[in-house]
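> Just a sequence and a predicted model for now, questions to come.
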Amino acid sequence: MTEIRTARLVLKPLVPENAADYAAMRYHPEVTKWLLPLQGNDPVEAARGTIGRFAEQWSERGYSPWAVWHEGRLIGHCGLNHVPELEGTEVLWALHPDFWGGGYATEAARASLEFGFETIGLPAIFAITKLDNVASQAVVKRLGLVYRKNVTYRGFEARYFDIDREAWQRTV
């Protein structure tokens, strides 16, 4: 499993010991309004389940979302996630609200795209956002992804953006 360092962040795979800190970010009320809801009643148990699924993806595919660390604090997750329902790999992110608006999502997602295209050799990567998540849509556009269509994913309407390797290489 790969660790990546950017100018301000460390991206490394989540481990079970991160479950409480990860749950505090992932199930924060301001974060959950943009993501799929908590399954079950215990956020730490749900976080452990997610961490386990991410570890399986690392083992099976060689990529999955990372924990995003800033100055020793777990502030979110970001990375690549295979989505069979949409027949591809998405770049995704979620950060604790204390870190919104500081360019951290763009920085982490850009590193994830670079990893996906340059290290893994993916042909294309997509991103989806809820229709009213204009902050994430701004990140997507800064990264060079282009709006293609609206889709329904796991019960919610979303905007679908993508970029292929050739277009990505023109942005770097």
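Sure thing, it's come through. Everything numeric here is computed off the predicted structure, so don't read it as measured data. Residues are numbered from 1 along each chain as shown.

> Surely Ala19 is in contact with Ile51?
Yes. Counting by C-beta atoms under 8 Å, Ala19 sits close enough to Ile51 to count as a contact (6.2 Å). C-beta coordinates here come from the backbone N, C-alpha and C atoms, glycine included.

> what stretches of this protein score poorly on pLDDT?
Per-residue confidence for the chain (pLDDT under 70) gives these ranges: 1, 37-40.

> all strands of it, in order?
Taking DSSP state E as the test, the strands found in the chain are 4-5, 10-12, 65-70, 73-83, 88-95, 124-130, 146-153, 156-164.

> got a list of contacts for the fourth one?
If I follow you right, that is strand 73-83. Contact partners of strand 73-83, identified using C-beta atoms under 8 Å, 6 or more residues apart in numbering, comprise 11, 14, 18, 21-22, 25-26, 57, 61, 63-69, 88-96, 98-99, 104-105, 108-109, 111-112, 115-116, 120, 122, 125, 153.

> Chain neighbours aside, what residue packs nearest to the residue sitting nearest the centre point of the chain?
Among the residues of the chain, the smallest C-alpha distance to the mean C-alpha position (C-alpha atoms, centre = their mean) belongs to Leu92, namely 2.3 Å. Here the nearest residue to Leu92 in space, its sequence neighbours aside, is Asn81; by C-beta to C-beta, 6 or more residues apart in numbering that works out to 5.4 Å.

> picking that back up, PyMOL command to pick out the buried ones of the contacts of strand 73-83?
Here is the PyMOL command that picks out the buried ones among these, judged by 16 or more other C-beta atoms under 10 Å:
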select buried, resi 11+14+18+21+22+25+26+57+63+64+65+66+67+68+69+88+89+90+91+92+93+94+95+96+99+104+105+108+109+111+112+115+116+122+125
